[in-house]
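Asks: need a structure here:
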Amino acid sequence: MNSSQRMKLVTLFTVLSAYSIILTINMHSGLDQRTDLSDVPSTTNNLKTKVARPTTKIVAITDISYAGIALHWHRRLIELGYSNEEAIVVAADDATLDYFQQHPDIKVEPLLHPQSSGWPVANEASRVQTRRRRIFASRWIYVLHQLKNGYSVLLTDADNIFVRYMNMSEMEDSPYDVFHAYCYNFPVEFLSMGFVVCGGMMWLRGSTDGGVDRDGAALRYVESILKDCGWDGIDYSNGIDLFDGSFNASHIDPAPIRSGAAFCDDQYVINLKFFSNSLLYVWDNNTRPTHDIWKGEASGRSYSTGHSFKIWDVDTAYRGPVEGYRSTRNDTVKNEELIEKPCPRIDLNWVAMPYNTIGVSRRLSHADSRILRVKQWYEFCRNQTLNDTSFGTRVP
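Replies: All right, here's what the predicted structure looks like:
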């Protein structure tokens, strides 16, 4: 083949290649106009089945010392109109699982799988502070698994006092991935930023596609909490789901199941993320929480995890003194504020998280103290009407 023939072949090959590229582009650009795709199977059909729209589990984690409080918590939610499928007690030890065997109407799930190396999370032989920090940290393992399986989670403490019904769709249909509640004054080292948030009152959005794009924003946030709590990140062993909800462990592989409990003060970890701005967050509309007691709602977005968040206003989710702001011992509160509005507005208040008890001379256990808080809250604040004209008057 002479040089002229080789040149013609090269030219012909180039033309054919160009024509092929153009044809391919045209085919793809006009696919929706000329091709019937009704018989083409969608690739999304092959994804693991998830909840169509994340529904919310309302959970309270408890060990045996708080089991009675958790029972009251559940009964109160049912009275308000929440269902047994929504309100779930999460047990941190075998004694709690046994306790709720007496209450078969209550849905109970283990905090970790009872066959895992981290079970029981709450060991009665451990110091109280050690048990508490294992529970506070390990509850995020439970939350992480729920989010992965398509459930949103309203994470509460068992001594949170719910006073009215709020449909979970208010969070589910919102543009936010995470809801926080203001905390009163802990951790104190972070108060200079003007706010702190609670570890035991949060809503987190579940994933419907396994955590892709925005849908995985809350997942990434929870993973960052667990990382800071020292969790090893293992919640599966030999492909077996450690949170399958079954207490019959006969199918579990005898090989060691590695799902160690985490350990930290999660409220400290969560607030440190704000304080250090490891979240890389910005407030919406250039707003931020105010420094007064009755803070309004605030919202923003984290650019490290991609999650959007909102903080409920203090009237909606109240954390403060059980008697409200009546006492001058609250140095940060002006006297006129004490007189004008000692308690959250009854028409707005959804949940109360009083942090103290009053008028008790002897030292109470953690459980007895929380039982008393509930009683005193109803005495001091819950029965008050807080409207524009009559602050502090009692409901007949």
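
Asks: every contact and neighbour count from this point should use C-alpha atoms.
Replies: OK.

Asks: can you show me the helices along the stretch 151-300 of the chain?
Replies: For the stretch 151-300 of the chain, applying DSSP state H, counting those that start in this stretch gives helices covering 169-172, 217-228, 266-276.

Asks: deepest of those, which one?
Replies: Here the criterion is mean neighbour count by mean count of other Cα atoms under 10 Å, and of the helices of the stretch 151-300 of the chain the winner is helix 217-228, at a mean of 21.

Asks: of all the helices of the stretch 151-300 of the chain, which lies closest to residue 184?
Replies: With respect to residue 184, and counting by Cα to Cα, the nearest of those is helix 266-276 at 12.1 Å.

Asks: quick revisit: how about JSON lines for the helices of the stretch 151-300 of the chain, with mean pLDDT and distance to residue 346 added?
Replies: JSON lines is the format used below for the helices of the stretch 151-300 of the chain (pLDDT from 0 to 100; distance: least, Cα to Cα, whole Å):
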{"stretch": "helix 169-172", "mean pLDDT": "94", "distance to residue 346": "19"}
{"stretch": "helix 217-228", "mean pLDDT": "93", "distance to residue 346": "31"}
{"stretch": "helix 266-276", "mean pLDDT": "96", "distance to residue 346": "27"}
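
Asks: relative to residue 157, which of the ones you listed is closest?
Replies: helix 266-276 (12.2 Å).

Asks: dump the closest one to PDB, keeping only the CA atoms.
Replies: Listed next in PDB are the C-alpha coordinates belonging to helix 266-276 (Å, rounded to 0.1, in the frame of the first residue of the first chain):
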ATOM      1  CA  ASP A 266     -22.900  13.500  73.600                       C
ATOM      2  CA  GLN A 267     -24.300  16.900  74.600                       C
ATOM      3  CA  TYR A 268     -20.700  18.100  75.000                       C
ATOM      4  CA  VAL A 269     -19.700  16.700  71.600                       C
ATOM      5  CA  ILE A 270     -22.700  18.200  69.800                       C
ATOM      6  CA  ASN A 271     -22.100  21.700  71.300                       C
ATOM      7  CA  LEU A 272     -18.400  21.500  70.700                       C
ATOM      8  CA  LYS A 273     -19.200  21.100  67.000                       C
ATOM      9  CA  PHE A 274     -21.000  24.400  67.100                       C
ATOM     10  CA  PHE A 275     -18.500  26.200  69.300                       C
ATOM     11  CA  SER A 276     -15.400  25.100  67.200                       C
END
